[in-house]
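Colleague: Prediction below, plus the sequence it came from.
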Amino acid sequence: MAAKYNITIEQGADFSLDIQLKNADGSEIDISGLSVNGAGNADYLKAFIKRTPETDNIKDSGNNDITFKFEKLAVESGDTNTGSAGASGRLRLKMADTITKQLPPDNLKYDLFRSDGTSWFKDLEGNITIAEQISVPA
């Protein structure tokens with residue numbers, strides 16, 4: 001069962017959220033070998049944004065799906081798994097200000113899926129509150 005985590009994204013500002021993926025028993029999920037931010041089959045992490053599960057993905061001005069970018073993070077002291085970035089399941093979800101400014105001022109939903117190359121696993125889900133942009137930076 002996926003963990004639930006609700007987030008707030010400020011429209012027009014860079015967004016990042018650091019998480020650590022763990023199994024139900026609390027053990028860290030090693031994602032060091034996963035390709036992230038690839039295209040097609042090379043992409044083993046996906047996190048789409050929708051208004052409801054039944055609606056289409058939220059699109060940008062170019063009609064592309066708006067999704068999070070991923071960055072595998074270094075192992076920290078106290079982690080059980082050691083090794084290269086992502087070995088202990090540490091991950092950063094990111095979105096540039098040019099993308100967040102295109103998010104509608106709605107309550108949205110997201111989920112994060114991970115593949116081991118054979119099966120897909122739903123690791124995280126939640127609601128997204130969009131904090132509307134009032135001032136427009138120059």
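Modeller: Ah, there it is.

Colleague: Return the set of buried residues in the host helix or strand of Asn127.
Modeller: Using DSSP states H and E, Asn127 sits within strand 120-131. Of the residues in strand 120-131, Asp123, Leu124, Glu125, Ile128, Ile130 count as buried by neighbour count, 16 or more other CB atoms under 10 Å. All C-beta atoms are positioned from the backbone trio N, CA, C, and that covers glycine.

Colleague: again, but for stretch 59-79
Modeller: Buried residues in stretch 59-79, defined by neighbour count with 16+ other CB under 10 Å: Ile66, Thr67, Phe68, Lys69, Phe70, Glu71, Lys72, Leu73, Val75.

Colleague: From these, pick the one nearest Ala2.
Modeller: Distance to Ala2, by CB to CB, is smallest for Phe68 among those, at 15.2 Å.

Colleague: Just list the residues touching the closest one, thanks.
Modeller: Taking CB atoms under 8 Å, 6 or more residues apart in numbering, we find Phe68 in contact with Ala47, Leu93, Lys94, Met95, Tyr110, Leu112.

Colleague: Recalculate using a threshold of 6 Å.
Modeller: Counting by CB atoms under 6 Å, 6 or more residues apart in numbering, Phe68 touches Ala47, Leu93, Met95.

Colleague: Next one: Ala24, what pLDDT does it get?
Modeller: You'll see Ala24 listed with a pLDDT of 89.

Colleague: Burial check on the nearest residue to it once chain neighbours are set aside, number of neighbours?
Modeller: Spatial nearest neighbour of Ala24, chain neighbours left out: Met1 (7.2 Å); criterion: CB to CB, 6 or more residues apart in numbering. Met1 has 7 neighbours, counted by other CB atoms under 10 Å.
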